[in-house]
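**Student:** let me see the structure of the following:
(one chain, ligands or ions: 1)
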Amino acid sequence: MNTPAPPTSRSTIRRLYRLILLPAFAVALLAGMWAAVLYQVEQERVSAHYEAVLHSQSLARTLAEHTNHLLRQSDHATQLFKLKFEETGGKLRLTEFSRPNGLLDSLLPSKLDLPLALVDADGRLIDSRSGYFAPQLGQQPFFLHHAHNSSDTALITTPIVEPRTKKWQIQISRRLNGHDGQFAGVVVMMIDPATFVEDYDRLNLDPGGSVMLISRENGIATARVDEQLIISDAIDFTAAQSGGRIGTLDEMLLARPFDAVERIYGYAEMPRYLLLAVAGNPLQTEMASFELRRERYLVAVSLASLVVLLFVGLLIQQARRLRRSTLMVSEAQEMLRAAADASMDCVYLLKACRLRSADNAIADFTLVGLNDRGAALLGMTADQARGKRLQELMPELHTHGFIEKYKTVLQTGHPLDEEFEVDFLPSGEHYWFHHQIVPIKEGVAVTTRDITPRKKSELAIRKSQAELAAVNDVSPLGLMRADAHGQCTYVNRTFEFVTGLMRSEALGENWLRAIHPGDRANLQNALKQMAVTRLPYQDTLRCVHPDGTIVWVMFKIAAMIVDKQIYGYVGTVDDITHVRKSVMALRESEARLRTIADSLPAMVAYIDSEEIFRFHNIAYEREFNRTGTSVLGKSVVETVGEARYSYLSPYIKRALAGETLTFEEEDNSDTTLRTFEVVYIPQIDEDGDTVIGFHVMRQDITAQKREKQRLLRLSQIDALTGLTNRAGFLQKLSDSMHASAQNGHLMAVMYMDIDRFKPVNDTYGHSIGDALLRAFSTRLTHTMRASDTIARLGGDEFTIIMERINRSEDATALAAKIVTAMQAPFDLDGTIVSISASIGLTFYRNEDITPAELLHQADLLLYQAKQNGRNTFRAGPPHDAASGYAA
Ligand SMILES: Nc1nc2c(ncn2[C@@H]2O[C@H](COP(=O)(O)OP(=O)(O)OP(=O)(O)O)[C@@H](O)[C@H]2O)c(=O)[nH]1
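**Tutor:** Numbering: from 1, shown residues only. Reported below is the predicted structural model:
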């Protein structure tokens with residue numbers, strides 16, 4: 001298929017040409033018509049004008065002849081008068097001459113009554129008639145002419161204005177001779193030129209027509225228009241040549257017309273009298289028939305122009321329509337071509353090739369058009385394929401019956417639409433095609449679409465459907481599918497097995513029969529609810545088999561939603577009868593265990609390997625849900641907080657490592673400090689190796705702890721004096737040494753013994769001995785700091801622990817103070833007893849010795865003090881400058 005050529009200047013010119021062709025033709029035609037008509041009109045006008053001039057000229061000639069005649073007759077009249085005058089010897093007079101039916105009447109019409117005058121040889125007027133003459137005319141030019149000229153010819157003057165009457169007159173005069181031929185006078189006749197023009201009626205002038213006599217000499221003119229006589233002394237005219245069919249004529253043109261009527265004038269020269277006879281008919285009447293013809297011509301040409309314009313307009317409209325149709329056809333072709341090119345299909349246009357036989361049978365088809373996609377399928381370019389026969393292009397189309405299909409479509413006129421598989425294409429591959437054959441004029445249009453991918457995917461879908469059906473059938477779950485109205489459309493074999501309902505029975509709405517009547521209403525309500533909420537449904541229901549067996553199933557249904565519309569449901573049915581029994585048994589077991597656990601005073605919990613609480617008893621709940629929060633599902637750190645978790649974490653790690661352990665935990669989260677004994681017991685998985693969590697047993701032992709401490713304290717107190725006894729002392733000594741070793745402070749230990757206590761016992765008895773021991777301890781307590789630990793090891797032996805002493809001298813000074821204090825007598829209920837005390841004093845600061853060794857060291861120093869005479873102290877070993885003391 002071709003691509004449209006871009007617009008060029010040639011196409012623009014062509015478009016312009018198309019645009020102006022008809023209007024230009026119309027203008028040219030109209031111009032031609034009008035030019036021809038106007039030319040014809042002008043010709044006719046010229047011709048009519050010529051005719052008018054000819055007519056006027058003819059009239060002018062008639063006027064000239066008439067005037068000439070009258071003038072000649074007048075001349076003859078003077079000649080006759082002369083003759084008779086001279087015959088009568090000068091006696092003839094004008095009355096005689098002009099009497100009716102007289103001489104004058106024989107020459108001139110009597111109605112003219114021309115002025116006549118008879119002048120004698122002296123120039124005196126001797127007779128006159130019909131006009132006024134001056135009495136003396138001797139100086140008149142005519143008189144002088146005749147007086148001095150013996151010629152017998154008449155003198156005819158050019159028209160002159162008679163001074164008295166102001167009338168224009170032609171003067172005809174003749175010399176009169178006496179019997180001897182002498183000058184005897186002059187006869188003169190005056191003729192008013194108006195006389196000639198007044199007679200114009202005979203000239204057949206049109207109304208408004210004019211006749212004129214103009215003097216060639218002085219331009220004086222007399223004219224007559226209808227009944228009006230016009231005399232002018234300045235007619236300004238020019239002669240013009242007027243052309244006609246048979247030659248040219250002289251036309252008179254008045255420079256200053258004497259009225260508003262335009263006329264066509266003709267003229268005739270009267271050379272003898274220097275006169276010009278002029279006749280003119282009104283232009284309007286002369287040209288009337290021409291004007292009529294001209295109007296007809298113009299009307300005709302106007303009508304013709306209208307017809308032409310109408311015709312051309314129709315032609316333009318038709319041309320436009322034609323162009324528009326052509327454009328639409330060409331656009332449609334372009335669109336068709338573009339659609340074919342852009343089509344996903346292969347497009348072929350085939351023309352039938354018919355045999356030149358009687359039946360005109362179709363032998364083959366010629367490929368007359370195709371798109372690039374179609375050409376590619378044939379393994380060539382569109383240009384290569386176009387114009388070729390199918391037999392030549394692809395013989396397989398014949399052998400595989402395609403040509404027959406094309407023929408059938410063309411002959412029946414019914415389109416054909418089908419899918420087929422081919423293996424004879426140039427690429428050598430198998431294809432699936434869908435083609436559509438549509439009849440066109442003397443051929444067919446074939447669109448072919450490659451549907452191989454669709455076919456393959458359909459096959460794949462069928463396979464996967466088969467696979468899915470097989471999988472469904474072997475699925476341990478019963479499966480069902482329903483349409484949007486809840487009508488069952490599919491169940492698998494497991495469904496049949498679990499519910500006891502065959503597939504044929506289950507389809508439609510009968511699948512609900514599988515459900516126990518007692519559960520059916522609940523299920524139906526749930527399904528109705530589900531259509532609204534669209535949330536998946538899950539419940540445990542009972543199915544009743546035909547034999548009455550009850551099967552417990554887990555029924556799950558979910559809606560299939562596409563574009564927010566439910567188009568169906570899928571459901572699974574799981575036989576949980578056995579599971580349910582196990583679960584019930586498990587629940588019973590769990591319930592028993594829970595009852596036991598809840599009846600225990602101790603807190604019991606189970607924490608999994610992710611340190612998440614999975615179980616706890618009521619005691620635990622009471623303890624940990626004080627804030628109203630639940631610990632189940634929560635991690636230990638979330639539950640106890642970061643601080644306590646950092647304390648518990650090492651124990652948790654050990655438990656999860658498989659160690660069973662017991663530890664005490666002090667809890668001050670409440671108002672009182674409480675002590676718990678916590679036991680962690682790891683839970684080993686079934687593999688016997690992996691720790692999957694640990695059990696917690698937590699017991700409040702605050703009361704026991706207090707009792708124990710009380711007992712401990714009691715065990716460390718000397719019953720006689722209330723001081724710390726030996727056990728307490730040794731514990732304290734150990735603790736103090738540990739603290740001193742930690743913080744580096746100096747500490748001191750005194751070992752003292754009452755000197756010669758035995759004699760007191762012996763002398764005053766044991767009770768006084770006991771009293772002395774109590775008094776001694778009281779005095780000792782008063783002597784020492786409250787922070788010092790004073791203990792009675794037994795008998796009369798006392799020890800003192802002094803912690804955090806700044807200098808050893810402080811301790812030695814105190815030892816000396818004690819020795820001194822004990823020298824004062826004791827009043828024991830009236831019994832005055834005097835004793836003394838010896839002290840061994842030793843120091844400790846992070847040395848590597850045990851408490852027993854330190855005590856022994858003090859004992860040795862006590863021994864030295866005893867040895868040194870008692871009532872004194874010994875300090876050592878020398879720890880610093882204060883070494884070697886003596887009381
Ligand atoms: N009253 C009384 N006497 C006791 C008690 N325990 C021990 N004794 C006596 O205290 C005496 C201790 O004597 P010793 O320290 O051995 O001797 P001493 O007489 O003090 O002599 P020196 O210590 O060497 O000065 C013994 O006679 C014991 O019987 C007691 O709880 N009460």
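**Student:** and the gap between V532 and N525?
**Tutor:** Look at V532 and N525: by CB to CB, to the nearest Å, they are 11 Å apart. Every residue, glycine included, has its C-beta placed from N, CA and C.
**Student:** state the next helix or strand along the chain beyond the helix or strand of the chain with the lowest mean pLDDT.
**Tutor:** Scoring the helices and strands of the chain by mean pLDDT, DSSP states H and E places strand 237-244 at the bottom, with a mean of 70. Counting by DSSP states H and E, the next helix or strand C-terminal to strand 237-244 is strand 247-254.
**Student:** who does that next one pair up with?
**Tutor:** Next to strand 247-254 in the sheet, as set by DSSP bridges, lie strand 237-244 (antiparallel), strand 263-270 (antiparallel).
**Student:** out of the ones you listed, which one sits most buried?
**Tutor:** By mean neighbour count, with neighbours taken as mean count of other CB atoms under 10 Å, strand 263-270 ranks first of the strands paired with strand 247-254 at a mean of 23.
**Student:** could I get the average pLDDT for it?
**Tutor:** Strand 263-270 comes out with an average pLDDT of 88.
**Student:** go on, stretch 354-374?
**Tutor:** The average pLDDT within stretch 354-374 is 89.
**Student:** which residue does the stretch 751-887 of the chain bring closest to the ligand?
**Tutor:** G769 (2.3 Å; CB to the nearest ligand atom).
**Student:** how many residues are close by that residue?
**Tutor:** 22 (other CB atoms under 10 Å).
**Student:** cool, and M747?
**Tutor:** Neighbours around M747, by other CB under 10 Å: 22.
**Student:** beta partners for it?
**Tutor:** Judged by DSSP bridges, the bridge partners of M747 are Y844.
**Student:** hmm, it is touching E803, no?
**Tutor:** Yes - using CB atoms under 8 Å, M747 is in contact with E803, at 5.0 Å.
**Student:** list residues touching both of the two?
**Tutor:** With contacts taken as CB atoms under 8 Å, 6 or more residues apart in numbering, the residues that reach both M747 and E803 are 736, 740.
**Student:** low-confidence bits of the chain, can you list those?
**Tutor:** Counting by pLDDT under 70, the low-confidence segments of the chain come to 1-8, 199-203, 234, 242-247, 625-629, 878-887.
**Student:** quick check: residues of it near the ligand?
**Tutor:** Contact residues, the chain versus the ligand (CB under 6 Å from any ligand atom): 753-759, 761, 766, 769-770, 795-796.
**Student:** compare neighbour counts for V532 and N525 and give me the winner.
**Tutor:** N525 (10 against 7).
**Student:** can you count the residues close to the residue of the stretch 551-700 of the chain found nearest the ligand?
**Tutor:** Nearest residue of the stretch 551-700 of the chain to the ligand (CB to the nearest ligand atom) works out as T675 at 36.9 Å. Residues near T675, counting by other CB under 10 Å, number 16.
**Student:** just R386 next, same as before
**Tutor:** R386, neighbours per other CB under 10 Å, totals 16.
**Student:** contacts only, for the residue nearest to it when sequence neighbours are not counted.
**Tutor:** The shortest distance from R386 to any residue other than its chain neighbours is 6.2 Å, reached at L367 (CB to CB, 6 or more residues apart in numbering). By CB under 8 Å, 6+ apart, L367 lies in contact with 348-350, 385-390, 393.
**Student:** recalculate using a threshold of 7 Å.
**Tutor:** Neighbour list for L367: 348, 350, 385-386, 388, 390, 393 [criterion: CB atoms under 7 Å, 6 or more residues apart in numbering].
**Student:** go through those and give me the one with the most neighbours.
**Tutor:** Highest neighbour count within the contacts of L367: Y348, with 28 neighbours (other CB under 10 Å).
**Student:** show the contacting residues for the residue located most distally from the centre of the chain.
**Tutor:** No residue in the chain sits farther from the centre than D180, which is 136.6 Å out by CA atoms, centre = their mean. D180 makes contact with no residue, according to CB under 7 Å, 6+ apart.
**Student:** which element follows the longest helix belonging to the chain toward the C-terminus?
**Tutor:** Using DSSP state H, we find that the single longest helix of the chain is helix 9-87. Later in the chain than helix 9-87, the nearest helix or strand by DSSP H and E is helix 94-97.
**Student:** what is that following helix packed up against?
**Tutor:** Helices and strands touching helix 94-97, by 3 or more CB pairs under 7 Å, 6 or more residues apart in numbering; DSSP states H and E, are strand 125-129.
**Student:** off-centre distance for the helix or strand just after the strand it packs on?
**Tutor:** Next along the chain after strand 125-129, taking DSSP H and E as the criterion, comes helix 141-147. With CA atoms, centre = their mean, to the nearest Å as the basis, helix 141-147 stands 120 Å off its chain's centre.
**Student:** report the next helix or strand after helix 141-147 in sequence order.
**Tutor:** Next element after helix 141-147 (DSSP H and E): strand 155-156.
**Student:** picking that back up, for P439, see how far away the residue nearest to R386 is.
**Tutor:** With CB to CB as the criterion, L367 and P439 are 16 Å apart.
**Student:** if I pick the residue in the stretch 601-750 of the chain that the ligand sits nearest to, what's in contact with it?
**Tutor:** Residue of the stretch 601-750 of the chain nearest the ligand, by CB to the nearest ligand atom: L720 (6.1 Å). Contacts for L720 (CB under 7 Å, 6+ apart) come out as 770, 773-774.
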